[in-house]
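turn this into a structure:
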Amino acid sequence: MSARRLALLLGVTLSACAVGPNFKRPVAPTDAGYGAAPTQGATTAAPGVGGNAQRLVEGMDIPADWWRLFGSASLNQLIEQALKENPDVSAAQAALRQANELYAAQRATLFPSLQGGFSAQRAKNALGTIANPTSLPQANPYYNLYTAQLSVSYLPDVFGGQSRALEATKAQAEATRFQLEATYLTLSSNVVVTAVQEASLRAQITATERLLQLQQQLSATVTGQKGLGTASQLDLLSQQAAEAQTAATLPPLRKQLAQTRDALTALIGRLPAEEPTQTFRLEELTLPADVPVSIPSKLIEQRPDVRQAEANMHAASAAVGVAIADMLPQFAISAQTGSAALQISQLFTSYTGFWSAGASLTQTLFDAGALLHRKRAADAALDQAGAQYRAAVILACQNVADTLHALKADADTLVATVAAERAARSAFDIARQQRTLGSISTVALLNAEQTYRQAELAVVQARANRYADTAALFQALGGGWWNRPTGGSQ
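Numbering: from 1, shown residues only. I've put the predicted structure just below:
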C-alpha cells in the first residue's frame, strides 16, 4: 500500500464522526421546593430524650459519615464494620472492578491487534505428481516446514461504532459505581434504623416491666383488701387479669428485640453466633439539631440511584449509535509478514521471507431485517431508560418530601404524646390512691392503668420515630458520598 493511500485512509478514519445521538444530560427540575413539605424553619420541641427542636437548613452540605451526627461511638463502630464486611458491599465492589475491566477491554478495540505465531509441520511429498511441492529433487519424500509470522489487523472506526460501544461501556461502569454508592448508603441507613429500632424496643420493654411491677404491687394491695373484706373476689381477679395481660406483651417485645439483634448482626456481615457487643438505648443517641434540605436540582446530583439511572440512559443512547453503525459498511485492514524454511536455522535468511497486506469492505445486503430490528430495539431501550430516569427523579423527590413531612409530624406527635403520658401518669397515681381509699372501683383503676401504659409506649415510639426519620432524610438526600475521599465528585 502506498504512503499516499495509507494517509488518505487514516485521514478518513480520524475525521469520521460517531453516528447516533450525542447524549445530553436530562434537564434538572426547576422546582424550588417539595410542595407543601417544609424546607426551612424549625420543628416544635418537647421535653425529654429526643425532644429538641430540629432546624431545617436549606443548602446545608451532608458529611460523608453523616451517622456520626447521632453521637454514638457504638453506632459508628458498627457502621464502619458493616461497610468493610457486609457481603453486599463486597459484591458491589467486585461488580465495579468487573465493569472497569470490561471498559479497559473495550477501549483496546480502538487500537490495532498484533499477533505472533510459529508453526512446525512435518509432511510427506507426493513423489508421483508432476510437480514437487518443494521444487527440489529429493529422494526422501519427508520434510519439515517451519513458519514464523506476525499478523496485524485493524478495524478503522469510520462511523464511530466502536467509539459508541466504548461510550456505552464507560457509562455502564459509571452506573455500577453509583450502584456501589447506593449500597453504601442503604447499608449505613439500615444499620442506623435497626439500632434505633433496638433502642425503641428496649425502652418499650423497660416501660412494660415498670408497669408490670406497679400492677404486681396493686395485685398485692387488692389481695390484702380482699382479706379485710374491702375488695371482692371479682376485684382481685380483674387486677390479676390486667397483670397477666401486661406480662403477655413482654415475650413478643423480647422476640422482636432478639430478631432486631439478629438483623443487626447480619448487617455487619456476621453469623448469629457472633452478635456484636454494642447495644443501643434512646437516651444514648443524640438527635441532630440541624438537618439539611437540598432543592430538587441539587438532589438529582446527590442521589446515587438517580445518577445510576442517568448512566443507564447514557449507555442506552450510545447503544443506538452502535446499532446504526452496524448497518453501515464495515472496514478492515490486515497485514502479515514472516519467514518459512525447511530448517529452523534457515528462518529469516535470504529468500525465506514473505509478506502480505490488504483491506476489505463489507456491507450487509440482506439479513431479513435483523439489523433494522436491532436498531429499533435500541431505540426502545433508550425510551425505557429515559422513563426509568424520570421515575427515579420522582421517587427521589417523593422520598425527601415524605421525610420532611415526617420530621414535622414526628415533632408534633412527640409534644402531644408527652403531654398525654404526663396526664395519664398523674391520673394513674390519683387512681391508685383513690382505690387504696376505696373511693373508686377496680374497673376505674384498670382503665387508668391501660391508658397510662398506652401513653408511655406511644412516647417511646414517637421518640424513636424522630431518630429513624432523621436517618431516612439523610438517606433520601444521598448521604454525602461525594464528600468521601474514595467517592466521586459532583
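
from here on, contacts and neighbour counts on C-alpha atoms
OK.

chain center to the one helix or strand residue 392 maps to: distance?
With the criterion set as DSSP states H and E, the secondary-structure element containing residue 392 is helix 370-437. Its chain's C-alpha centre lies 19 Å from the corresponding centre of helix 370-437 when counted by Cα atoms, centre = their mean, to the nearest Å.

tell me the helices and strands packed up against it.
Using 3 or more Cα pairs under 8 Å, 6 or more residues apart in numbering; DSSP states H and E as the contact criterion, the secondary-structure elements in contact with helix 370-437 are helix 296-302, helix 304-326, helix 442-476.

of all those, which one is nearest residue 338?
Taking Cα to Cα as the criterion, residue 338 comes closest to helix 304-326 out of those, the separation being 33.3 Å.

just checking: what are the partner strands of the helix or strand that that closest one is followed by?
Following the chain from helix 304-326 toward its C-terminal end, the next helix or strand by DSSP H and E is strand 330-341. Listed by DSSP bridges, the sheet partners of strand 330-341 and their directions read strand 142-154 (antiparallel), strand 353-362 (antiparallel).

which parts of the last one are buried?
To tie it back to what came earlier, the one meant is strand 353-362. Across strand 353-362, burial judged by 16 or more other Cα atoms under 10 Å covers residue 353.

can I get it in PDB, CA atoms only?
The C-alpha coordinates for strand 353-362 follow below in PDB (Å, rounded to 0.1, in the frame of the first residue of the first chain):
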ATOM      1  CA  GLY A 353      10.600 -14.100   3.900                       C
ATOM      2  CA  PHE A 354       7.000 -13.300   2.900                       C
ATOM      3  CA  TRP A 355       4.500 -10.500   3.500                       C
ATOM      4  CA  SER A 356       1.000  -9.500   2.500                       C
ATOM      5  CA  ALA A 357      -1.200  -6.500   3.100                       C
ATOM      6  CA  GLY A 358      -4.900  -5.900   2.300                       C
ATOM      7  CA  ALA A 359      -8.000  -4.100   3.100                       C
ATOM      8  CA  SER A 360     -11.700  -5.100   2.900                       C
ATOM      9  CA  LEU A 361     -15.100  -3.500   3.000                       C
ATOM     10  CA  THR A 362     -18.300  -5.500   3.700                       C
END
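
contact partners of it?
By Cα atoms under 8 Å, 6 or more residues apart in numbering, the residues outside strand 353-362 that reach it are 1, 329-340.

between the residues you listed, which is nearest residue 225?
Looking across these and measuring by Cα to Cα, the closest to residue 225 is residue 330, at 101.5 Å.

what about residue 218, distance to residue 247?
Computed with Cα to Cα, to the nearest Å, the distance linking residue 218 and residue 247 is 14 Å.

those two: which is more packed in?
More neighbours sit around residue 218 than around the other of residue 218 and residue 247, counting by other Cα atoms under 10 Å; the figures are 20 against 16.

tell me the secondary structure of that one, please.
The three-state assignment at residue 218 reads helix, by DSSP: H, G, I helix; E, B strand; the rest coil.

neighbours of the residue lying closest to it once chain neighbours are set aside, how many?
Leaving out its chain neighbours, the residue that sits closest to residue 218 by Cα to Cα, 6 or more residues apart in numbering is residue 239, at 7.4 Å. The local packing of residue 239 (other Cα under 10 Å) involves 24 other residues.

residue 239 contacts residue 221, doesn't it?
No: using Cα atoms under 8 Å, residue 239 is not in contact with residue 221; the gap is 10.0 Å.
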